[in-house]
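1. Give the three-dimensional model of this entry:
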Amino acid sequence: IVSVFILGISTFFTWSARINYLEGMVTFFILLSVFFILKSIDHPRYLLWSGIAIGLSFLSKYTSFFLLPFFVLYIFLKNKKLIVSKRFFISLFLVIAIFSPVIFYNIMLLKTRGHFDVQFSQIIPSMFDAAKKDWPKLFTERQGMRPIQNFMNIKNGLGMGYSKIFFSSSIFAILYLLFQMLRKEKKHIPLILIVFSLTLEFTFIPLNERYAAIWSPFLALALSVFIYETYQLVQESKLPLLQYGYLAVIGIICAIEIFFNFNTNHFNTPIGQKGVFYSSLRVENLGFKNLEKFLVSQWKNDGIYSPEIKQINNLHDIVFTDKSMGNDDIYLFESGINWFAYTWYLQRHQLYHGIVITSDIDLFRSLDPKVDAFQYLQENGVKRLFYSSSACIYPKYKQEDANVQPLKESDAYPADPEDGYGWEKLLSE
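-> Residues are numbered from 1 along each chain as shown. Next up, the predicted model:
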């Protein structure tokens, strides 16, 4: 119960659930895998379920690979006979069988493109050049294996997602469990092995904020075990003042994390200094949802928006041609804006609702370089051109408040844009 409460107030866990990446799903399968692995020591039939759960974890995210060393090490330490049992080998076969589509996918990528999937290609130097051709935005510099640097960054990667006192308490709890394990407290072995396996994994791959989210349940478990066992020691003292003081300290730590959590994930305007009172992970309102709402209302008023989702049968269903542009408006967005945002908030309306919307670069690339783009659009019956761009040309001091007022074109001057790209964009416009 204590660990569930601690996980519930964890800033990192809340953040990972709200951003709707795959971390929520893989965390479920990881915890399910750990549950079956622990059960399999006394009930070997759970080895098969362990294999299925681990396979599903692998299928969800590569970051769950730490389960394999944990699985083997824990079984070896707790019941060596299971390592050579038929059930153990069947469980490993189940892991490979369930994960086989991804294995096949990577084999075919290597055969046809000369590299593996993104995550593998980033740590294999020989695949950098081939992978860069397919993912130029993701492969800007060679990374390769940086175990020492990656290991040192684990603390920073995890620390950004919690209040300082909460994170420090979690690290202290892990050290306490390690000390207890060295004193032959075998009940702490599973949690320490998980932390060891996670650390080993992120020594070979860089830990970013998305990947760090899978640590949350185990940090919560470590902290809850520490609170429970130390409170038992406090109770043995039979000093009411010490007991109440201990509970007060725990309550204050939890209250700080709850405030940090709400300040990071829920408050419209954060209170205090970033990194102290709220996390740098905080997702600000960048205006994409507001833009989509405005555009959809505009399309509905103009009668060009179909609420029904268009069925896509082939590539011809997701492109627009000269014919489709006639008597229509063209909606362009700047190609440099966040790719996920423009795909979700803008481009999906082209794919599923028939709106002629694309990036400026994609439009110009589709035309003959000798053709004047605007003259071409006029000749094909385009009435209006709507261009959505970033706000980096506008003065920085007008965008520092989370409740920023809507910007007008006249606000661009006196000029104080973002350094570099902002100046370049302002001058080109």
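
2. any chance you could map the helices in the stretch 1-150 of the chain?
-> Along the stretch 1-150 of the chain, the segments classed as helices by DSSP state H, counting those that start in this stretch run 2-9, 11-18, 23-40, 46-60, 67-78, 80-83, 86-113, 118-122, 128-134, 147-159.

3. of those, which approaches residue 373 most closely?
-> helix 128-134 (27.3 Å; CB to CB). Where you see a C-beta, it was placed from the backbone N, CA and C, and this is true even at glycine.

4. That closest one - contacts with which helices or strands?
-> For helix 128-134, the elements it packs on are helix 86-113, helix 118-122, judged by 3 or more CB pairs under 8 Å, 6 or more residues apart in numbering; DSSP states H and E.

5. Confirm that residue 236 sits in a helix.
-> Yes: checked against DSSP: H, G, I helix; E, B strand; the rest coil, residue 236 lies within a helix.

6. So it versus residue 187, what's the distance?
-> 19 Å (CB to CB, to the nearest Å).

7. Let me have the helices of the stretch 1-150 of the chain in CSV, extended by mean pLDDT.
-> Formatted as CSV, those follow (pLDDT from 0 to 100):
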stretch, mean pLDDT
helix 2-9, 94
helix 11-18, 89
helix 23-40, 93
helix 46-60, 95
helix 67-78, 92
helix 80-83, 89
helix 86-113, 94
helix 118-122, 84
helix 128-134, 87
helix 147-159, 87
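
8. and the helix or strand encompassing residue 295, what does it pack onto?
-> Per DSSP states H and E: residue 295 is located in helix 288-302. Contacts defined by 3+ CB pairs under 8 Å, 6+ apart place helix 288-302 against helix 348-353.

9. partners of the helix or strand following the helix it packs on, with directions?
-> Once the chain leaves helix 348-353, the next helix or strand it forms, by DSSP H and E, is strand 357-359. Strand 357-359 has the following sheet partners, assigned by DSSP bridges: strand 328-333 (parallel).

10. Return the distance of the strand it pairs with from the chain's centre.
-> Between the centre of strand 328-333 and the centre of its chain there are 31 Å (CA atoms, centre = their mean, to the nearest Å).

11. how far off helix 288-302 does it point, in degrees?
-> Angle of strand 328-333 versus helix 288-302, following axes from the mean of the first three to the mean of the last three CA atoms, to 10 degrees, is 180 degrees.

12. Please export the C-alpha coordinates of strand 328-333 as CSV.
-> Output in CSV follows, covering the C-alpha atoms of strand 328-333 (Å, rounded to 0.1, in the frame of the first residue of the first chain):
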residue,chain,number,x,y,z
ASP,A,328,-9.7,25.2,-52.4
ASP,A,329,-7.5,26.7,-49.8
ILE,A,330,-4.0,25.5,-49.1
TYR,A,331,-2.7,25.2,-45.6
LEU,A,332,1.0,25.2,-45.1
PHE,A,333,3.0,24.8,-42.0
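
13. now the residue nearest to residue 64 when sequence neighbours are not counted: how far from residue 339?
-> Spatial nearest neighbour of residue 64, chain neighbours left out: residue 57 (3.7 Å); criterion: CB to CB, 6 or more residues apart in numbering. Noted for residue 57: a distance of 27 Å to residue 339, by CB to CB.

14. next one: residue 369
-> Taking CB to CB, one finds residue 369 at 25 Å from residue 339.

15. So the two - more neighbours on which side?
-> Legend: neighbour count by other CB atoms under 10 Å for residue 369 and residue 339, higher for residue 339 (12 against 7).

16. ok, that one - contacts?
-> residue 137 (CB atoms under 8 Å, 6 or more residues apart in numbering).

17. Next, the buried residues of the helix or strand residue 374 falls within.
-> Applying DSSP H and E as the criterion places residue 374 in helix 373-379. Within helix 373-379, the residues that qualify as buried are residue 377, counting by 16 or more other CB atoms under 10 Å.

18. quick one: the following helix or strand past it to chain centroid distance?
-> Later in the chain than helix 373-379, the nearest helix or strand by DSSP H and E is strand 382-388. Its chain's average C-alpha position is 34 Å from that of strand 382-388, according to CA atoms, centre = their mean.

19. how much does strand 382-388 deviate in direction from strand 328-333?
-> 20 degrees.

20. about what we covered before: quick one: closest of the helices of the stretch 1-150 of the chain to residue 197.
-> Proximity to residue 197 (CB to CB) singles out helix 67-78 among the helices of the stretch 1-150 of the chain, at 4.2 Å.

21. returning to that earlier point: doesn't residue 31 make contact with the residue nearest to residue 64?
-> No: the pair residue 57 and residue 31 does not pass the contact test of CB atoms under 8 Å, sitting 9.4 Å apart.

22. Same drill for these two, tell me which one is more crowded.
-> residue 57 (30 against 16).

23. Many thanks, I have nothing further to ask.
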